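Q: Pasting the sequence and the predicted model now:
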Amino acid sequence: MAGQINESLKSLDTLLAIDRKNPDALKLQGDVLYLTGREKEAVDSLTQALAIDPDHSESRYALGRIYYQQNRFPDAVQAFRQLIEKDPKNYRAHDNLALSYAGLGDDANALRHFLKALDLVHKDHPAYDTAYADFAHFTLDRGQPEKAFQLAAEAAKRNPTEPRNFFLTGKALAALDKPDLSIRWFEQAAKLDAAYPEPHYWLAQVYRKLGRAEDAAREVKLFRELTKRPRVRR
């Protein structure tokens, strides 16, 4: 949590040398390895954890997330479906299963699981924003900006510290031809994460549309500078 990745790995190596069959340690090792970009080793650690304890849901979820990030959508679908079979109310699994189906181009199943995720979090998990943001992205990509705006704004309301929520709301407003309103959402996204390039790209587009050439040029410059920097994995 303190960002001391190498120290974390050393501690885990020490623990696993004593207890190689500790699924919690293997899961955490998989997380840390993924953060360092060592994806194959991360998958190996998570797979070992599941070999020891097939019901270790945190490892299966983490493995599904890596598969999704690698565009291994059939494997991701299998992982999240297995989680849901054990726990039908696992809203995170429904959300990620929806994303995985969307990656496969199976919009019908994606929609079904997005709606299930929202049904599960609507009242019982009021702080959970990710399902709303993911669904907003899905609807934006499919030309439904009004729906995307409602979803993204709800995500921002639930979690006003997450820049992506504000960015998606701004994109929806821009798609609805409301450039003036979109500006504050993009600006807030950029304020929350100074290393986030996409809000600056969209601010440039909006400023061009409004005839604010100098502001657009400034945002293009910021966007180009930020895209040259390595992005931190999350």
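A: All right, it came through fine.
Q: in the protein, what secondary structure element scores lowest on mean pLDDT?
A: helix 5-18 (a mean of 81; mean pLDDT, DSSP states H and E).
Q: And for Arg60, the neighbour number?
A: 23 (other CB atoms under 10 Å). C-beta coordinates here come from the backbone N, C-alpha and C atoms, glycine included.
Q: need the contact list for it.
A: Neighbouring residues of Arg60 by CB atoms under 8 Å, 6 or more residues apart in numbering: Leu46, Leu50, Ala79, Gln82, Leu83.
Q: Okay, and which of those residues map to helices?
A: Leu46, Leu50, Ala79, Gln82, Leu83 (DSSP state H).
Q: shaky segments in the protein?
A: 1-2, 230-234 (pLDDT under 70).
Q: Show me where it has its helices.
A: 5-18, 23-35, 39-52, 57-69, 73-86, 91-103, 107-121, 130-141, 145-158, 163-175, 179-192, 198-209, 213-227.
Q: Show me which residues of the fifth one are buried.
A: For helix 73-86, burial by neighbour count (16 or more other CB atoms under 10 Å) applies to Phe73, Asp75, Ala76, Val77, Gln78, Ala79, Phe80, Gln82, Leu83, Ile84.
Q: Identify, from those, the entry nearest to Ser182.
A: Minimum distance to Ser182 across the buried residues of helix 73-86 is 31.2 Å, recorded for Phe73 (CB to CB).
Q: Isn't that closest one up against Gly105?
A: No. Look at Phe73 against Gly105 with CB atoms under 8 Å: they stay out of range, at 9.0 Å.
Q: you'd agree Tyr61 is up against Leu83?
A: Yes. Judged on CB under 8 Å, Tyr61 makes contact with Leu83 at a distance of 6.2 Å.
Q: where do the contact lists of those two overlap?
A: The contact lists of Tyr61 and Leu83 share Ala93, where a contact means CB under 8 Å, 6+ apart.
Q: The closest residue to His125 other than its chain neighbours: how many residues sit nearby?
A: Spatially, and ignoring its direct neighbours in sequence, His125 is nearest to Tyr91 (6.4 Å; CB to CB, 6 or more residues apart in numbering). When neighbours are counted by other CB under 10 Å, Tyr91 registers 22.
Q: In this structure Tyr91 contacts Leu115, no?
A: No. In terms of CB under 8 Å, Tyr91 does not count as a neighbour of Leu115; the distance is 11.4 Å.
Q: Relative to Ala93, how far out is Val32?
A: 22 Å (CB to CB, to the nearest Å).
Q: That should have said Arg212, apologies.
A: 44 Å.
Q: So which of the two has more stuff around it?
A: Ala93 (27 against 17).
Q: and that one, what is it in contact with?
A: Per CB under 8 Å, 6+ apart, neighbours of Ala93: Tyr61, Gly64, Phe80, Leu83, Ile84, Asp87.
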